[in-house]
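*Asks:* the sequence and its predicted three-dimensional model are supplied below.
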Amino acid sequence: MVVDSADFTKNWPSNEFTIESAICTTPLYSNSEFLKQKYEAEKLSARQIAILIGSSHSTINDALIRFGIMKSMRVSGHVPYGFKLVNGQRVRHVREQKTIQRIVGKKRRGWSNARIAEWLNKRKIPTPQGARQWYPATVGRIAKTVMD
């Protein structure tokens, strides 16, 4: 049976009831309390919130900034050469730290990046990514980060 809304409401005085809607048309990324709850209380990342509400994570990042919600600095997945992860913390990798010191020492004595790379390759010293060959650019990048 179909009831016409005009027929349903014509016998009711208008002050006896109100219609409330539970439908929210405001996007959730515009709700500061929602974002505070998800980001600060539940510790979800901007990317996780974005997936949850079907938005882009850059939109969530922009909203966090707009509402003054302080973004926590999260440790990236990249562990630089000379370090390793132990129980989620970066600690010095002794063998790699010795390799870095050798690279820096040779650079200070005037060796070129190509000569150092050749020297490391001859001794079969593992590269940062576990590759089989050191390249002059890799040597230069490591030396630059330490010497600057």
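*Replies:* Great, that's in hand.
*Asks:* quick one: contacts of the helix ranked longest in the chain?
*Replies:* In the chain, taking DSSP state H as the definition, the longest helix is helix 94-108. Residues from elsewhere that reach helix 94-108 (CB atoms under 8 Å, 6 or more residues apart in numbering): 81-84, 113, 115-116, 119-120, 125, 128, 139, 142-143, 146-147. Every residue, glycine included, has its C-beta placed from N, CA and C.
*Asks:* those strands in the chain, which residues are they?
*Replies:* 83-86, 89-92 (DSSP state E).
*Asks:* strand partners (parallel or antiparallel) of the first one?
*Replies:* To tie it back to what came earlier, the one meant is strand 83-86. Partner strands and pairing direction for strand 83-86 (DSSP bridges) are strand 89-92 (antiparallel).
*Asks:* other residues contacting the partner strand?
*Replies:* 75, 79, 82-85.
*Asks:* send me that strand as CSV with only the CA atoms.
*Replies:* In CSV, the C-alpha atoms belonging to strand 89-92 read as follows (Å, rounded to 0.1, in the frame of the first residue of the first chain):
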residue,chain,number,x,y,z
GLN,A,89,64.5,2.1,17.0
ARG,A,90,67.3,3.2,14.7
VAL,A,91,70.7,2.1,16.1
ARG,A,92,74.1,2.3,14.6
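*Asks:* and the pLDDT at the residue lying closest to G82 once chain neighbours are set aside?
*Replies:* For G82, ignoring the flanking residues on the chain, the nearest one in space by CB to CB, 6 or more residues apart in numbering is E96 at 4.6 Å. pLDDT for E96: 93.
*Asks:* domain assignment for this structure?
*Replies:* 26-74, 83-147 (automatic domain parsing).
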